[in-house]
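*Asks:* coords please:
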Amino acid sequence: MRLHRPPRTSLPDAPYPEADCLLDARLHALDRQIVDVDGRPVGVVDDLELDDALDENDVPTSRSPRVVALLTGNTLPSRIFGGQPPTSRLTRIDMSDVGDFAIAVRLTRHHDELDRTWAERWVRDQLIRRIPGGSHDPR
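*Replies:* Okay, the predicted model is just below:
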């Protein structure tokens, strides 16, 4: 016996904030998948770099801080054991490289152009390609 499901209704997209508006970092940014212009995964948003919203005398201004970069990297140990990850383990992706900020953060650059993937590229070029069959495209 087959159960028939009611037809799916088309739900509207979740509303996303307009540019230059207040965002909840945990809800709208952190742990979002980052993909390059071709849709290849680059990482996840682990942290945000904010401008300091201070004037020239280091006095807080009335405006809210703005996100200037996304930080991605190996932050799992610091989440488990506490503390802050060393900045050497975080890769900075400037907001000028972000094209779309939705379910996934889509960049305007290819993943090969990012410093984040230099170690992967080196392993691929120096080690994997030397393995028999390691240089062909698996698709």
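
*Asks:* for this structure, which spans come out with low pLDDT?
*Replies:* In the predicted model, the chain carries pLDDT under 70 at residues 1-22, 53-55, 58-59, 76, 116-121, 134-139.

*Asks:* all strands in it, in order from the N-terminus.
*Replies:* 33-35, 41-44, 47-50, 67-73, 90-94, 98-101, 105-107 (DSSP state E).

*Asks:* So which elements touch the third one?
*Replies:* Judged by 3 or more CB pairs under 8 Å, 6 or more residues apart in numbering; DSSP states H and E, strand 47-50 is in contact with strand 67-73. Glycine gets a C-beta too; all of them are placed from N, C-alpha and C.

*Asks:* go with 10 Å
*Replies:* Under the contact definition 3 or more CB pairs under 10 Å, 6 or more residues apart in numbering; DSSP states H and E, strand 47-50 sits against helix 25-28, strand 67-73, strand 90-94.

*Asks:* The last one to strand 67-73, inter-axis angle?
*Replies:* Between the axis of strand 90-94 and that of strand 67-73 there is an angle of 150 degrees, by axes from the mean of the first three to the mean of the last three CA atoms, to 10 degrees.

*Asks:* Give me the buried positions along strand 90-94.
*Replies:* Neighbour-count burial for strand 90-94 flags 90-93 (criterion: 16 or more other CB atoms under 10 Å).

*Asks:* Likewise for the second one?
*Replies:* Buried residues in strand 67-73, defined by neighbour count with 16+ other CB under 10 Å: 69-73.

*Asks:* And stretch 124-132, by the same measure?
*Replies:* By 16+ other CB under 10 Å, stretch 124-132 has no buried positions at all.

*Asks:* And for stretch 80-99?
*Replies:* So, applying 16+ other CB under 10 Å, buried residues of stretch 80-99: 85, 90-93, 97-98.

*Asks:* How about stretch 103-111?
*Replies:* Applying 16+ other CB under 10 Å to stretch 103-111 flags 104-107, 109, 111 as buried.

*Asks:* Nearest to Ala29 among the residues you listed?
*Replies:* Val105 (8.0 Å; CB to CB).

*Asks:* so can I have CSV of the strands of the chain showing distance to Asp24?
*Replies:* Shown next, in CSV, are the strands of the chain (distance: least, CB to CB, whole Å):
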stretch, distance to Asp24
strand 33-35, 18
strand 41-44, 17
strand 47-50, 12
strand 67-73, 12
strand 90-94, 20
strand 98-101, 13
strand 105-107, 15
